[in-house]
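Enquirer: Sequence plus predicted model, see below.
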Protein chains: 2
Amino acid sequence: MKRYRNGEIWDFEHEMPVSRDGSDVILGLDGGTTSTVCICMPIIPFSHNLPDPLPVLARAVAGCSNHNSVGETAARETLEQVMADALSKSGSNRSAVRAVCLAVSGVNHPTDQQRILNWLRDIFPRHIRLYVQNDAVAALASGTMGKLHGCVLIAGTGTIAYGFTEDGREARAAGAGPILGDWGSGYGIAAQALTAVVRAYDGRGSHTTLTSSILQTLGLSSPDELIGWTYSDPSWARIAALVPVVVSCAEAGDQVANQILLDSVQELASSVKAVVQRLGLCGEEGKDSFPLVMVGGVLEANKRWDIGKEVINCISKDYPGALPIRPKVEPAVGAALLAWNFFMRESHKEGYKS
Amino acid sequence: MKRYRNGEIWDFEHEMPVSRDGSDVILGLDGGTTSTVCICMPIIPFSHNLPDPLPVLARAVAGCSNHNSVGETAARETLEQVMADALSKSGSNRSAVRAVCLAVSGVNHPTDQQRILNWLRDIFPRHIRLYVQNDAVAALASGTMGKLHGCVLIAGTGTIAYGFTEDGREARAAGAGPILGDWGSGYGIAAQALTAVVRAYDGRGSHTTLTSSILQTLGLSSPDELIGWTYSDPSWARIAALVPVVVSCAEAGDQVANQILLDSVQELASSVKAVVQRLGLCGEEGKDSFPLVMVGGVLEANKRWDIGKEVINCISKDYPGALPIRPKVEPAVGAALLAWNFFMRESHKEGYKS
């Protein structure tokens, strides 16, 4: 170990004998704004078919690790603690770790990546392979079982599209937050619904059943109370939680709600199309197939008004080779598979023996 | 005096003899998110023509008094201090005050109004007439010289339209902040410009000269640095400060910037039209004349791309009776004239003698 940044977190390494002596492990982390998940898996032999189910040794959960939300010190401590928990649960310790893939929201710029790599270096011995990615990359890997190829669309509170070519080029679209135009996100849908209520009330917009549905959901008696409600708490997730109300109104035939969802579909599809176009994922003829991984609450609704289905339809019109995938494993497993893939590729070159 | 809430603020009343014995005064306050202005004027004899220039006794300035921004305690103290300053400067004191009109941003609901009235009651003797309004009402009065008739459009960092009929009915549109659809505001224009830069960068939108202009203005080297810049400081005014960059790009022929301004014109005009429509300010035939007071930085640009002029053109197509007015006095003077008008009307009924 290079040095102990936080003695208590790693105390278990002295107290507990390593039961799986010599067995190498990898760690995959998915760090979001709501929670952080760490998966510990053994190094599995290189093959074309992954074992099913995957041999997960341990899973640990902690709170928010987005440095933009909680600050860098708290984010570091959360990530360090969740890795220690996962290793402790799996009866392993840092000396058994071969690779770590940390996929965390708020990685938007190479400087974000470098800052996180620097302090990971403080925790682990120098020879351990470390990979830092935007959390969208783990979501893609959760659909492709670790292969970085294709495009992922995430639409939860926020939205982002992220893609890779097989030769390693990457591109993203959206993921810049609500001020900078993530209009198809859960937050975007709900904010437009709230806006529609205000506009109907003051005479700028059409009557909509969103008014009674939203006021009832929030326990308010008049649209002018929405101003106080909206600005009393700046949390995006609190506003995004109104998406099911918008979907219900659209399903019941409300034209305003319906138009908001139609616009959202166009926005989400346009993010994917921008990534596919820039990377040429569709090939020169525009018909090559590529994985399209769909993740997040907005795309998972399986009701009559199915936003995810409409997004796929819209993309398929331009790119018939898009192969929609709904991941069967969580993004943290995707991160672990990524760590495994990166590690195997590099070890292969260097002649690694397990 | 009912009771002294804050001894120090009103100490001058004991130390300084009242020089204008027996001369009644009124106070007008314009409380915004950036600053608060208080005007002290004498009670002027009732006539159809106001004296020109108006006999302003004193003007005092303080900081933000929006209770949503700084909290109620700080807002109260700021308002009390600025009133004491204005009275002290005019050589007057609270016993000479006959009426106060407090026009303050953040008054969106009758409960806001009642809360502010309650603590004004603590400061002044019971017989003093107190009026609490949204700050847009003072802006209207600054254009109509105290008469509550017509519609005001404010477009600065935020935007609101507010109107009154001659028989006292009132209506507003917009003024609900950026999450709730104040899209024509300075903040709205600038946020759309930032969004256009991100969308051009990630392939969702057309190339625009906004990219180089905005990055240069902010001292950034790449559009992906805009995410960090935008969310590092939630102040709306900081984003709205980019409006002149958008106007310059549109004047130089950039289509994206041009479209943002055209959309903004439609949004601002639609707020006014909604108010005019609801109040029937245009009469049954749609051709009655009514004052249209235009206030705020977005409407004051007097360049080739003149947003204010385009908004007026757009409104005049539907309502040819709209009479545009650019106020010659500040909103706090409008508030003082309102206090005077309210007071004279009520005193007239009661047979007041100055």
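Expert: Received the coordinates, thanks.

Enquirer: For residue A:322, list the residues it contacts.
Expert: A:151, A:272, A:276, A:289, A:290, A:292, A:312, A:315, A:316 (Cβ atoms under 8 Å, 6 or more residues apart in numbering or on different chains). All C-beta atoms are positioned from the backbone trio N, CA, C, and that covers glycine.

Enquirer: can you count the residues close to the fifth one?
Expert: I take that to be residue A:290. The number of residues packed near residue A:290 is 22, by other Cβ atoms under 10 Å in any protein chain shown.

Enquirer: Just give the closest residue to the residue lying farthest from the centre of chain A, not the sequence neighbours.
Expert: Largest separation from the mean C-alpha position in chain A: residue A:203, at 39.1 Å (Cα atoms, centre = their mean). Excluding its sequence neighbours, the residue lying closest to residue A:203 (Cβ to Cβ, 6 or more residues apart in numbering or on different chains) is residue B:274, at 3.5 Å.

Enquirer: And the residue of the stretch 251-354 of chain A found nearest chain B, what's its pLDDT?
Expert: Taking Cβ to the nearest Cβ, chain B has its nearest neighbour within the stretch 251-354 of chain A at residue A:274, 3.4 Å off. pLDDT, residue A:274: 98.

Enquirer: what are the ranges of the helices in the stretch 151-300 of chain A?
Expert: Ranges of helices in the stretch 151-300 of chain A, per DSSP state H, counting those that start in this stretch, are A:186-202, A:210-218, A:225-231, A:236-240, A:243-251, A:255-279, A:297-300.

Enquirer: wait, isn't the residue of the stretch 251-354 of chain A closest to chain B in contact with residue A:163?
Expert: No. Residue A:274 is beyond contact range of residue A:163, at 9.4 Å (criterion: Cβ atoms under 8 Å).

Enquirer: neighbour-wise, which of the two wins?
Expert: residue A:163 (30 against 23).

Enquirer: Check whether that one really touches residue A:281, as I assumed.
Expert: Yes. With contact defined as Cβ under 8 Å, residue A:163 reaches residue A:281; the gap is 6.2 Å.

Enquirer: Common neighbours of those two, please.
Expert: Residues within reach of residue A:163 and of residue A:281 at once, by Cβ under 8 Å, 6+ apart, are A:150, A:151, A:275.

Enquirer: Switch those over to TSV; also include neighbour count.
Expert: Converted to TSV, those look like this (neighbours: other Cβ atoms under 10 Å in any protein chain shown):
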residue	neighbour count
A:150	25
A:151	30
A:275	27
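
Enquirer: part of a helix, is residue A:131?
Expert: No. Applying DSSP: H, G, I helix; E, B strand; the rest coil, one finds residue A:131 to be strand, outside a helix.

Enquirer: Show the pLDDT at it.
Expert: If you check residue A:131, the pLDDT there is 94.

Enquirer: Also residue A:47?
Expert: So, for residue A:47, pLDDT stands at 65.

Enquirer: Any figure for the gap between residue A:62 and chain B?
Expert: 23 Å (Cβ to the nearest Cβ, to the nearest Å).

Enquirer: Show me what that residue bridges to in the sheet.
Expert: When assigned by DSSP bridges, residue A:62 has beta-bridge partners residue A:36.

Enquirer: Next up, the contacts around it.
Expert: For residue A:62, the contact set (Cβ under 8 Å, 6+ apart) comprises A:35, A:36, A:38, A:78, A:79, A:81, A:82, A:85.

Enquirer: ditto for residue A:55
Expert: Taking Cβ under 8 Å, 6+ apart, we find residue A:55 in contact with A:41, A:42, A:44.

Enquirer: Generate a PyMOL selection restricted to the buried subset of those.
Expert: With 16 or more other Cβ atoms under 10 Å in any protein chain shown as the criterion, this PyMOL line picks the buried residues out of these:
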select buried, chain A and resi 41+42
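
Enquirer: Reformat the contacts of residue A:55 as TSV; add pLDDT, distance to chain B and secondary structure.
Expert: Compiled in TSV, those are given as follows (pLDDT from 0 to 100; distance: Cβ to the nearest Cβ, whole Å; DSSP: H, G, I helix; E, B strand; the rest coil):
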residue	pLDDT	distance to chain B	secondary structure
A:41	95	32	strand
A:42	93	37	strand
A:44	78	35	coil
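
Enquirer: re earlier: out of the helices of the stretch 151-300 of chain A, flag the one nearest residue B:324.
Expert: helix A:186-202 (21.6 Å; Cβ to Cβ).

Enquirer: right, is the closest one up against chain B?
Expert: Yes. Looking at helix A:186-202 against chain B by Cβ under 8 Å from any Cβ of the partner chain, the contacts come from A:191, A:194, A:195, A:198, A:199, A:202.

Enquirer: Isn't residue A:147 up against residue A:341?
Expert: Yes. Under the criterion of Cβ under 8 Å, residue A:147 makes contact with residue A:341 at 7.0 Å.

Enquirer: Can you pull out the low-pLDDT segments for chain A?
Expert: A:1-7, A:16-22, A:46-48, A:301-302, A:351-354 (pLDDT under 70).

Enquirer: got the residues of it near chain B?
Expert: Residues of chain A lying near chain B (Cβ under 8 Å from any Cβ): A:68, A:108-109, A:171-174, A:176-181, A:191, A:194-195, A:198-199, A:202-204, A:224-228, A:230-231, A:234, A:239, A:270-271, A:274-275, A:277-278.

Enquirer: I figured residue A:156 hits residue A:188, correct?
Expert: No. Using Cβ under 8 Å, residue A:156 is not in contact with residue A:188, being 11.3 Å away.

Enquirer: who has more neighbours, these two?
Expert: residue A:188 (28 against 22).

Enquirer: which SS class is residue A:33?
Expert: Criterion first, three-state DSSP; result for residue A:33: coil.

Enquirer: Enumerate the positions of stretch A:27-34 that are buried.
Expert: A:27, A:28, A:29, A:30, A:31, A:32, A:33.
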